[in-house]
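A.B. asks: prediction below, plus the sequence it came from.
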Amino acid sequence: MEKQLKKLDKDNAGLKNALVAPMQRRIFFRYAGASAAATALLFATTSCDDDDMGAMDPDVVDLGSGDIGVLNYAYALEQLEAAYYTEVVARSLSMFNQTEQQIMQDLKGHEMIHRDFLQAALGSSAIPALQVDFSSVNFNDKNSVLMTAKTFEDLGVAAYNGAGRLLEDAGFLTLAGKIVSVEARHAAVISDLISNGTFADSANGMGFDPAMMPADVLAAASSFITTNISANNLPQ
């Protein structure tokens, strides 16, 4: 454990030094991914065994209650994003220039990291793999791909912002903050790819990103997720 914490301190120090120097987009996202990987180390050392998800309708995926439910909520969204960028990289990469291709590959990598370490942290309490539906996306149209990415990234940031107050464990709140900071970078770069200079347009007049509660987020994402999800037992 001591060696792990020393490694985490070293990774975070390296990230801090890197962020004060000018970086190309590719390097920027490489360091963001390193930060997410370091966060995974802390998740792996945290026990989530004291939550009981209770009986569930076999046709409904219940997120659960307490902090476990909130983490499963985040895990569901990361599953959606990871699945989407996997499709983008597989089907749409040729539409983008070399720099943009690297961005799409980096986004895919980050979302897969988020998905996998949330699954590992939840262990046996993790919800199953969700079924997704991207039939409304034209993967042969760059604008369709980017606008859908913007929908997911803006929704993800708002979801983490809204769910933060539902977490009881301060360690989980810190980890959620580390994830949402990477998601906000994703949202910024996607906005900039759509229209240069719009990377901060999602912030309100006071300089804050919006926050949404789980019921509203899941309703907004429902057209892309065919699995029936219940958030009824999440904290209020």
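C.D. replies: Structure's in. What do you need? This is a predicted model, so every value here is computed, not measured. Numbering: from 1, shown residues only.
A.B. asks: use CA for all of it now, contacts and neighbours both
C.D. replies: Will do.
A.B. asks: can you count the residues close to residue 137?
C.D. replies: 16 (other C-alpha atoms under 10 Å).
A.B. asks: so for the chain, the centremost residue is which one?
C.D. replies: residue 78 (4.5 Å; C-alpha atoms, centre = their mean).
A.B. asks: confidence score at the nearest residue to it once chain neighbours are set aside?
C.D. replies: Distances taken as C-alpha to C-alpha, 6 or more residues apart in numbering place residue 115 nearest to residue 78, at 5.0 Å, with adjacent residues excluded. Note for residue 115: predicted pLDDT of 96.
A.B. asks: number of nearby residues for residue 115?
C.D. replies: Residue 115: 21 surrounding residues under other C-alpha under 10 Å.
A.B. asks: check which helix or strand covers it.
C.D. replies: Using DSSP states H and E, residue 115 falls within helix 98-122.
A.B. asks: again, but for residue 136
C.D. replies: Applying DSSP H and E, one finds residue 136 in no helix or strand.
A.B. asks: can you list the weak-confidence ranges in the protein?
C.D. replies: Applying pLDDT under 70 to the chain flags residues 1-57, 197-208.
A.B. asks: show me the helices in it, by range?
C.D. replies: Ranges of helices in the chain, per DSSP state H, are 2-19, 25-44, 66-91, 98-122, 142-163, 170-194, 214-221.
A.B. asks: can you count the residues close to residue 109?
C.D. replies: Neighbour count of residue 109, defined by other C-alpha under 10 Å: 18.
A.B. asks: what's the spacing between it and residue 86?
C.D. replies: 9 Å (C-alpha to C-alpha, to the nearest Å).
A.B. asks: cool, and residue 102?
C.D. replies: Residue 102 is 13 Å from residue 86, by C-alpha to C-alpha.
A.B. asks: now swap in residue 107 and tell me
C.D. replies: Counting by C-alpha to C-alpha, the gap from residue 107 to residue 86 is 9 Å.
A.B. asks: out of the two, which sits in the more crowded spot?
C.D. replies: A count of neighbours by other C-alpha under 10 Å puts residue 107 above the other of residue 107 and residue 86, at 27 against 19.
A.B. asks: I'd say the more buried one and residue 83 touch.
C.D. replies: No - with contact defined as C-alpha atoms under 8 Å, residue 107 does not reach residue 83; the gap is 11.1 Å.
A.B. asks: burial count for the closest residue to residue 111 other than its chain neighbours?
C.D. replies: Excluding the flanking residues, the one nearest residue 111 by C-alpha to C-alpha, 6+ apart is residue 82, at 4.8 Å. Neighbour count for residue 82, taken as other C-alpha under 10 Å: 21.
A.B. asks: what residues are up against residue 82?
C.D. replies: The contact partners of residue 82, taken as C-alpha atoms under 8 Å, 6 or more residues apart in numbering, are 108-109, 111-112, 115.
A.B. asks: ok, so of these, who is nearest residue 148?
C.D. replies: residue 108 (14.1 Å; C-alpha to C-alpha).
A.B. asks: contacting residues around that closest one?
C.D. replies: Neighbour list for residue 108: 81-82, 85-86, 89 [criterion: C-alpha under 8 Å, 6+ apart].
A.B. asks: closest to residue 122 out of those residues?
C.D. replies: Closest approach between the contacts of residue 108 and residue 122, by C-alpha to C-alpha: residue 82, at 17.5 Å.
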